[in-house]
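Peer 1: quick one: sequence and predicted model below, then my questions.
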Amino acid sequence: MVKAGVIGAGNMGRNHVRVYSELPGVELVAIADPDAGAVELARRFGCRYYRSYEEMLRREELDAVSIATPTSSHHQVALRCIEAGVNLLVEKPLADSTARAEEIVRKAERAGVVLAVGHIERYNPAVRRLKELVEEGLLGEAISAVAKRVGIFPPQIRDANVYLDLAVHDIDVFNFLFSRLPERVFSRSERVLARDREDQAVILLEYGKVVCLTQVNWITPVKIRRLAVTGSGGYAELDFISQELRVYESVIDRSYDSFGEFVIRFGSPRIRDIAVERAEPLKLEIADFLESVEKGRRPLVGGAEGVAAVRIALLAQRSAREGAFLRVEG
C-alpha cells in the first residue's frame, strides 16, 4: 500500500485528493495547505490535515506526494520533498524557469526518487489514439497541427501567464505527437484584459516539415480545447474534453486533362469516428505515477518532458517580446 499526500488543495489539488481516495493500492494519508478550508476536505476524505507541508513531511512516512501549489512555489516545495526522500508528482509547469526546472530534475535523479510531471493531456485517451494514427500513416505525411486552448480568466491563477499555464499543454502534446522537440519557435502575445501578464498568445513551432500552431487565451467567453492535424492523406480533429476523435480520409484522383495538364480531383472524404476508450486523464496520470513508485520505473511524463515544455514556453514568451524567431537548442 503506497502512502500518499497532497500538497496544495486548490482546484487541481482537490482533484488529486479525490483520485487518490478512489484508486486501489494507495492510502491517502494527509493533505497540506495553509488555507483552513482544507480542513473540511481532509475530514471528508478521512485523512490528516496540516497547515504546513514541511510539518507533514516531518511527521508522516510518505511514499509519494502530489504538488499542486502555485507555480512559483513548485521549485521550493519539490526540493524539500526530494530532500525528504519522497517520490513526487509535480503539476505542470514543472517550475517557473528553466534553471529551476532543471535543478528539480537533477536533484531528484541524485536522490533516486521518482519525478513525474503533470502534463495531463499525454494521458488523454484521444491524444494517445491520435498519436497511433499519425504513426500508422493513416493521415499520410503530417503537414501541420493546430490547437486551440481558450476560455475565461481563471481568478485562482495569480503567478503565471498563458505561456506557462496554458501553452505548456499544447507544446507537450506536439512534442508527444511527433516524438521530437521543435527547431524554432515564434510567438505574438497581448495583455488584453490583464494588466500584469500576457493573457493571449499565438505560438508557431517548427518540427522539421511539420508546422504547429496553438492559440491560447483567457479572454474567450467559452471554454474550447481542440486539436487538428492535417496530413497529405487526410485530416483529424480531436476534442480534448469530450475525447471525441474524427478522421477525414482524402479521396484523391490524379490524372491529366486533354491539354496534358496535371489535375488533382478531390472526392467526398471517408469520414470515420475513431473509437476511443474514454477515461479520466488525471486518474490515468496518478495511476502511472503510483506504478512508477511501486516498480521503480520511469513515469510516462518525467523530468525531461517537464523541462522541455517550460523551456519552449519561455522561449515563445521571449520571441513575442523580441519579435523574432528563436531556435530551440538541445
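Peer 2: Arrived safely.

Peer 1: what residues does stretch 53-60 touch?
Peer 2: Residues outside stretch 53-60 that contact it (Cβ atoms under 8 Å, 6 or more residues apart in numbering): 3, 5, 7, 29-30, 32, 48, 50, 62, 69, 77, 80-81, 84, 86. C-beta here means a position set from N, CA and C on the backbone, and glycine is covered the same way.

Peer 1: with respect to Gly323, which of these is nearest?
Peer 2: In terms of Cβ to Cβ, no member of the contacts of stretch 53-60 lies closer to Gly323 than Thr69, at 33.9 Å.

Peer 1: now do the contacts for the residue nearest the centre of the chain.
Peer 2: Closest to where the C-alpha atoms of the chain average out (Cα atoms, centre = their mean) is His119, at 2.8 Å. Going by Cβ under 8 Å, 6+ apart, His119 touches Lys92, Val168, His169, Asp172, Val301, Glu305, Gly306, Ala309.

Peer 1: just those residues now: which is nearest Ala101?
Peer 2: Closest to Ala101, out of all of the contacts of His119 and judged by Cβ to Cβ, is Gly306, at 6.1 Å.

Peer 1: restricting to C-alpha, output the helix or strand hosting the closest one in PDB.
Peer 2: According to DSSP states H and E, Gly306 maps onto helix 303-322. The C-alpha coordinates for helix 303-322 follow below in PDB (Å, rounded to 0.1, in the frame of the first residue of the first chain):
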ATOM      1  CA  GLY A 303      11.600  15.500 -15.700                       C
ATOM      2  CA  ALA A 304      12.900  15.700 -19.200                       C
ATOM      3  CA  GLU A 305       9.500  16.300 -20.700                       C
ATOM      4  CA  GLY A 306       8.700  18.800 -18.000                       C
ATOM      5  CA  VAL A 307      11.900  20.800 -18.600                       C
ATOM      6  CA  ALA A 308      11.300  20.800 -22.300                       C
ATOM      7  CA  ALA A 309       7.800  22.300 -22.000                       C
ATOM      8  CA  VAL A 310       9.000  25.000 -19.700                       C
ATOM      9  CA  ARG A 311      12.000  25.900 -21.800                       C
ATOM     10  CA  ILE A 312       9.900  26.100 -25.100                       C
ATOM     11  CA  ALA A 313       7.100  28.100 -23.400                       C
ATOM     12  CA  LEU A 314       9.500  30.600 -22.100                       C
ATOM     13  CA  LEU A 315      11.300  30.800 -25.500                       C
ATOM     14  CA  ALA A 316       7.900  31.600 -27.000                       C
ATOM     15  CA  GLN A 317       7.300  34.300 -24.500                       C
ATOM     16  CA  ARG A 318      10.700  35.800 -25.300                       C
ATOM     17  CA  SER A 319      10.000  35.500 -29.000                       C
ATOM     18  CA  ALA A 320       6.900  37.600 -28.600                       C
ATOM     19  CA  ARG A 321       8.800  40.300 -26.600                       C
ATOM     20  CA  GLU A 322      11.700  40.400 -29.200                       C
END
